[in-house]
Each structure stands twice: as structure tokens, then as C-alpha cells.
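In: kindly generate the corresponding structure for this input.
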Amino acid sequence: MTYQEKKSIVSLISTILIFIVYCLYKYPEYPKEVPDLKVTLHYWGSFVLVLTLVSIAAHIVISIIFNIVFRMTTGEKEPAFADELDKRIDLLAFRNSFAVFVIGFLLAMGSLVIDQPLKVMFMVLIISGFLSDVTGSISRLYHYRRGV
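Out: Model (predicted):
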């Protein structure tokens with residue numbers, strides 16, 4: 001397996017674990033009683049903001065740890081450059097990831113149009129962001145395995 005394939009697998013697993021652990025941590029804090037709009041917006045706003053910050057920090061730490069372990073086990077360094085294939089695969093993965101997020105965004109806005117509760121819109125946005133990240137990692141892995 002190449003460095004890029006291993007990195008995609010680690011990214012996929014870490015994305016799933018970060019999301020699940022954070023949701024399990026944050027779910028008990030959801031207001032049990034019928035909250036007013038201000039409480040709902042505060043909860044979901046902090047949920048999204050903290051999830052974004054935690055995810056970025058965790059991905060950075062996991063990437064550093066992955067590079068250290070990769071270097072120790074194989075004796076190779078991380079590739080210092082990206083060739084045309086790497087750039088093309090990144091663009092394809094980004095396109096697929098972006099498409100999933102846009103569809104999720106449209107579904108979230110659609111949930112408001114059909115008078116769903118505000119929490120449905122936030123859940124759809126959060127899940128589409130998660131699925132977008134997973135789709136990007138899977139696309140990257142697929143294209144490194146099968147070619148472009």
C-alpha cells in the first residue's frame with residue numbers, strides 16, 4: 001500500500017471516530033425540555049463550532065502521529081511533492097465531497113421549507129458535513145487503488 005492509501009485510510013477512520021465520540025459526548029447536553037429559539041440556536045451553534053475546531057485539531061495531531069509512525073515503521077519520509085496524479089485525485093475527491101455537502105445543504109434548506117423543526121436542519125447539515133468528509137476520503141482511496 002502506498003503512503004497516500006494509508007493516509008486516506010487513517011483519515012477515514014479518524015473522521016468516523018472523531019464524529020462518533022464527539023456526538024456521544026455532546027448528545028447528553030441537548031436541552032430535554034422544549035427549548036426556546038435562543039437556547040436551540042446556542043446549542044447547535046456551539047455544537048457545530050466546537051465540532052469543527054475539535055475535528056481540525058484532532059486531524060492535525062493524527063496526521064503528525066501518522067507521519068511519525070509511518071517513518072518509524074517504513075524508514076521512508078512523507079513524499080515532499082505531489083505529482084499530477086496526486087493533484088488530479090485530490091480534485092476528484094474534493095469534487096465528490098463538495099457534491100455531497102451541497103446536496104446535504106439543499107436538503108437542510110428543504111427541511112425548513114417543509115416546516116421541520118430547526119434541529120432537523122442542523123442535524124442534516126452536520127451529517128452532510130460528516131458524509132462529505134467520509135466521501136472525500138473514500139474517493140481518494142478508491143482513485144489511488146483503481147486509478148483515475
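In: going by C-alpha atoms from here, please, whenever you check contacts or count neighbours.
Out: OK.
In: residue nearest the centroid of this structure?
Out: Asp133 (3.3 Å; Cα atoms, centre = their mean).
In: how about it, secondary structure?
Out: Assigned by DSSP: H, G, I helix; E, B strand; the rest coil, the conformation of Asp133 is helix.
In: give the contact list for it.
Out: Applying Cα atoms under 8 Å, 6 or more residues apart in numbering, we find Asp133 in contact with Leu12, Thr15, Ser97.
In: next one: it from Asp90, what distance?
Out: 13 Å (Cα to Cα, to the nearest Å).
In: now do Phe122
Out: According to Cα to Cα, Phe122 and Asp90 sit 28 Å apart.
In: pull out the buried positions in whichever helix or strand Ser97 is part of.
Out: Assigned by DSSP states H and E, Ser97 falls within helix 84-113. By 16 or more other Cα atoms under 10 Å, the buried positions in helix 84-113 come out as 86, 89-90, 92-98, 100-102, 104-105, 107-109, 111.
In: for the lowest-mean-pLDDT helix or strand in the chain, packing partners?
Out: When the helices and strands of the chain are scored by mean pLDDT, DSSP states H and E, helix 37-74 comes last with a mean of 89. Helix 37-74 sits against helix 3-26, helix 118-146, with contacts defined as 3 or more Cα pairs under 8 Å, 6 or more residues apart in numbering; DSSP states H and E.
In: would you list the ones you listed in a markdown table and tack on mean pLDDT and distance to His42?
Out: A markdown table is the format used below for those (pLDDT from 0 to 100; distance: least, Cα to Cα, whole Å):
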| stretch | mean pLDDT | distance to His42 |
| --- | --- | --- |
| helix 3-26 | 91 | 13 |
| helix 118-146 | 92 | 11 |
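In: just those helices: most buried one?
Out: Highest mean neighbour count of these: helix 118-146, a mean of 19 (counted as mean count of other Cα atoms under 10 Å).
In: show me the contacts for the closest residue to Ile103 other than its chain neighbours.
Out: Excluding the flanking residues, the one nearest Ile103 by Cα to Cα, 6 or more residues apart in numbering is Ser128, at 7.9 Å. Ser128 is in contact with Val100, Phe101, Ile103, Gly104, Phe105, counting by Cα under 8 Å, 6+ apart.
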